[in-house]
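> After the sequence you'll find the predicted model.
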Amino acid sequence: MTDRPADAPDAEIVCPARPESLAALLAFVAEASARAGLDRDSTFAVRLAAEEVCTNVIAHAYPNGAAGPVRLRFRRDPAAVLVTVEDLGIPFDPAQVARPAADAAWEARPIGGMGWHLVRESVDEVRHEHLPGGGNRLTLVKRLSPDP
Amino acid sequence: MEVNVEQRGGTSVVRIAGSVDGLTSDALQAALHQQIEAGATRLVGDLSAVDYTSSAGLRALLGTLKLARQRGGDLRLAAVQPGVLRVLELSGFTSILKVFPDVDTAVESFGA
């Protein structure tokens, strides 16, 4: 049996927003999901949304080769998992990301551009805030079905 | 992630095991493109042991699909597990990629 108190403290990791940090960020999400006792489908969905958001921060938050931090926080509530991703980079509004052409013929299909679409589809809610001192906070909410 | 290639007649069966994410997709794409560059343009991706893919994996698959078709071949998938299949469906990839229930059927679909 998994012991998973609903009021477990938040877990958190802070890394430089660079490609070499992705392994640590993904490992953090995997461990936190296991500790929180998520089932297979929720684990997949949280992992996917977190990877896409972290990849986006690493690629776009800090232009011109600068690398500020990316902060990832994982919280398990009784009815949901909340993953928060913060950066101190350029403003980003996910509502402005165009939906990809998922029905184009293969020749016309662009390689890439699917990340945000998958984030929207895999979690129940995506909240975005501009941080007061500059930067972004994205909160991914995955609601959990009650235990059988 | 591990990638192993087996030749079946004129078709390369690429068995992928593990997770295809931002850490592993470059290696997968390199392995798939290596087959095409070597002249093996008929590819079957055996995804029976793939438990996860992100958009990074989709990029590797689409890049391979385009290259294989431009060279007169194709990339077809077999035994895709439910979570990975859902990502393919959400991305509209099941409308451009042929997906088969098992490797044998995918290999046979290329004909003799």
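Nice, I can see it.
> leaving aside the residues next to it on the chain, what's closest to residue 52?
Just so you know, I chose chain A. A:Gly115 (4.1 Å; CB to CB, 6 or more residues apart in numbering or on different chains). In short, each C-beta sits where N, CA and C put it, glycine included.
> wrong one, chain B
B:Ser19 (4.1 Å).
> so how many other residues sit close to the residue of chain B found nearest chain A?
Chain A sits closest to B:Gly92 of chain B, with a gap of 3.0 Å, by CB to the nearest CB. Using other CB atoms under 10 Å in any protein chain shown, B:Gly92 has 18 neighbouring residues.
> who touches it in this structure?
A:Pro100, A:Ala101, A:Ala102, A:Asp103, A:Ala104 (CB atoms under 8 Å, 6 or more residues apart in numbering or on different chains).
> which stretches of chain B aren't confidently modelled?
B:112 (pLDDT under 70).
> in it, which spans are strands?
B:2-8, B:11-20, B:42-53, B:74-78, B:98-100 (DSSP state E).
> Chain A too?
Going by DSSP E, chain A shows strands at A:11-16, A:69-76, A:80-87, A:125-130, A:136-143.
> In a markdown table: the ones you listed, plus mean neighbour count.
Below are the strands of chain A laid out as a markdown table (neighbours: other CB atoms under 10 Å in any protein chain shown):
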| stretch | mean neighbour count |
| --- | --- |
| strand A:11-16 | 15 |
| strand A:69-76 | 21 |
| strand A:80-87 | 21 |
| strand A:125-130 | 13 |
| strand A:136-143 | 19 |
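> returning to what we had before: possible to save the strands of chain B as a markdown table with mean neighbour count?
A markdown table is the format used below for the strands of chain B (neighbours: other CB under 10 Å):
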| stretch | mean neighbour count |
| --- | --- |
| strand B:2-8 | 13 |
| strand B:11-20 | 21 |
| strand B:42-53 | 22 |
| strand B:74-78 | 23 |
| strand B:98-100 | 16 |
